[in-house]
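Q: Sequence first, predicted model second:
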Amino acid sequence: MRSVLALRVSFSAALAIVFAQTLHAESLPAPPRPDMTTLDYGLQARQIADQTWVIEGAVADFARSNGCNIINTAFMGTADGVVVINTGPSRRYGEQQRRLIEKVTGQQVHQVLNLNLHPDYFLGNQAWQDKPVQAQAGSIAGMQAEGAVYEDNLYRICGDWMKGTQAHAAQKPIEPQTLKVGNRTLELRRLQGHTADDLLVIDRQAGVLFAGGLIFADRVPTTPHADIKKWLESLDTLEQWHKQGQFSLVVPSHGPVHQGSRGIAQTRDWLLWLDALMRTHAERGADLAELLQTRVPERFAAWAAQPAEFHRSLVQWFPRYEQQALGPALETEPGTKP
């Protein structure tokens, strides 16, 4: 039986490679619609609080039609200049973001923060090299290690939108702290789960949480660097902070800006369901091909990036659950990094 299961693990890994090459995203349109002729992202700044704006990306998966712009970036004005949160998926995005920020605020930028290592958080850094660009040390290491792969992947998906883009990691590490910029006080906090170094920004005066990738709303969460157990713990922490009144408005990196704990509840619901699904199938000896036929519950069916993001998580994670099912000799707790 152990040898049969071992063969299944090997087969699943091979199938994962083949299947990953055939996946394609089903994108939902999001205003403003990028102009593929002029390669203009059509970025718009929406004010969500005093001197606080968000530039909303498509609630979708990476696609040529959206220029790989699926992230919400943001900026805040202060007496000492602007603080920018995330720089988007390309050099072109970063340049257009910079022009928009200068037009809206009329101020110089004080500093730029990348909230994690994923490509749409930092591939626009190229447009900000004359400004202090900071991230947590673990995120910087990840950017340096994976930047070239990110470039290749997004070029393949989004084509001309990515021309001239080169991965520039954040220049300087930043620690969790109370950051005072001009007349503004921002709390920088570190949690884990979506990645090993998730940076969050809380503006308690405005009641706004910039949640990075720890909170998704109306979109399937991405899991390439996830630790599901730690992610769930971080969601519990975020819920406590919300109950304590530390924030009321949530800006997720992916999905609509929203009030309250809706995104926390959605993200937790998905992770618990995904973990239970893979664990149950592994324990009964099902293989990846069978698992990929699973239909998601109705409450998730309308979420963006479905089914592509769901399938990517299965392809990435299920072999680890199969190994767990083999027994203690091969034990690595599923949903955690080995």
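A: Here it is on my side, so go on. Numbering: from 1, shown residues only.
Q: distance of the residue nearest to the spatial centre of the chain from Asp35?
A: With distances taken as CA atoms, centre = their mean, Gly213 lies nearest the centre of the chain, 3.9 Å away. The spacing between Gly213 and Asp35, counted by CB to CB, to the nearest Å, is 28 Å. The way it works is simple: take the backbone N, C-alpha and C, and place the C-beta from them, glycine included.
Q: same for the helix or strand encompassing Ile140, what does it pack against?
A: In the assignment (DSSP states H and E), Ile140 maps to helix 137-158. In this structure, helix 137-158 packs against helix 119-122, with contacts taken as 3 or more CB pairs under 8 Å, 6 or more residues apart in numbering; DSSP states H and E.
Q: pLDDT of the helix it packs on, averaged?
A: Throughout helix 119-122, pLDDT has a mean value of 98.
Q: Flag every buried residue along the helix or strand hosting Ala276.
A: Remark: Ala276 resides in helix 262-283, with elements defined by DSSP H and E. Going by neighbour count (16 or more other CB atoms under 10 Å), the buried part of helix 262-283 is 262-264, 266-268, 270-271, 274-275, 277-279, 281-282.
Q: ok, now stretch 149-158?
A: Buried positions in stretch 149-158, judged by neighbour count with 16+ other CB under 10 Å: 150-151, 154-155, 157-158.
Q: likewise stretch 237-247?
A: Within stretch 237-247, the residues that qualify as buried are 237-238, 241-242, 247, counting by 16+ other CB under 10 Å.
Q: same deal with stretch 205-214?
A: Applying a neighbour-count criterion of 16+ other CB under 10 Å, the buried positions in stretch 205-214 are 206, 208-214.
Q: go on, stretch 125-139?
A: 125-128, 131, 133-136, 138-139.
Q: Tabulate the buried residues of stretch 149-158 (a markdown table), appending distance to His254 and pLDDT.
A: Rendered in a markdown table, the data for the buried residues of stretch 149-158 read as follows (distance: CB to CB, whole Å; pLDDT from 0 to 100):
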| residue | distance to His254 | pLDDT |
| --- | --- | --- |
| Tyr150 | 16 | 97 |
| Glu151 | 20 | 96 |
| Leu154 | 16 | 98 |
| Tyr155 | 21 | 97 |
| Ile157 | 16 | 97 |
| Cys158 | 16 | 97 |
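Q: Switch those over to TSV; also include distance to Glu298.
A: TSV is the format used below for the buried residues of stretch 149-158 (distance: CB to CB, whole Å):
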residue	distance to Glu298
Tyr150	34
Glu151	38
Leu154	32
Tyr155	37
Ile157	29
Cys158	32
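Q: of all those residues, which comes closest to Arg219?
A: Closest approach between those and Arg219, by CB to CB: Ile157, at 17.0 Å.
Q: Tell me who's in contact with His110.
A: By CB atoms under 8 Å, 6 or more residues apart in numbering, the contact list for His110 reads 78, 80-83, 131-132, 181-182.
Q: do Glu290 as well
A: Contacts for Glu290 (CB under 8 Å, 6+ apart) come out as His281.
Q: and Gly57, how many neighbours does it have?
A: Burial of Gly57, expressed as a neighbour count using other CB atoms under 10 Å, amounts to 26.
Q: That one contacts Ile70, correct?
A: Yes - Gly57 lies in contact with Ile70 (CB atoms under 8 Å); the separation is 4.8 Å.
Q: now the strands: where do they sit in the stretch 51-200 of the chain?
A: If you assign secondary structure with DSSP state E, counting those that start in this stretch, the strands in the stretch 51-200 of the chain sit at 52-55, 73-78, 81-85, 109-113, 133-135, 172-173, 177-181, 184-191, 198-203.
Q: so which of those gets nearest His254?
A: Distances from His254 to each of these were compared using CB to CB; the shortest belongs to strand 73-78, at 11.5 Å.
Q: starting at the chain centroid, how far to that closest one?
A: Relative to the centre of its chain, strand 73-78 is centred 19 Å away, using CA atoms, centre = their mean, to the nearest Å.
Q: which residues in this structure form helices?
A: For the chain, applying DSSP state H gives helices covering 2-22, 91-105, 119-122, 137-158, 228-243, 262-283, 288-291, 298-301, 308-326.
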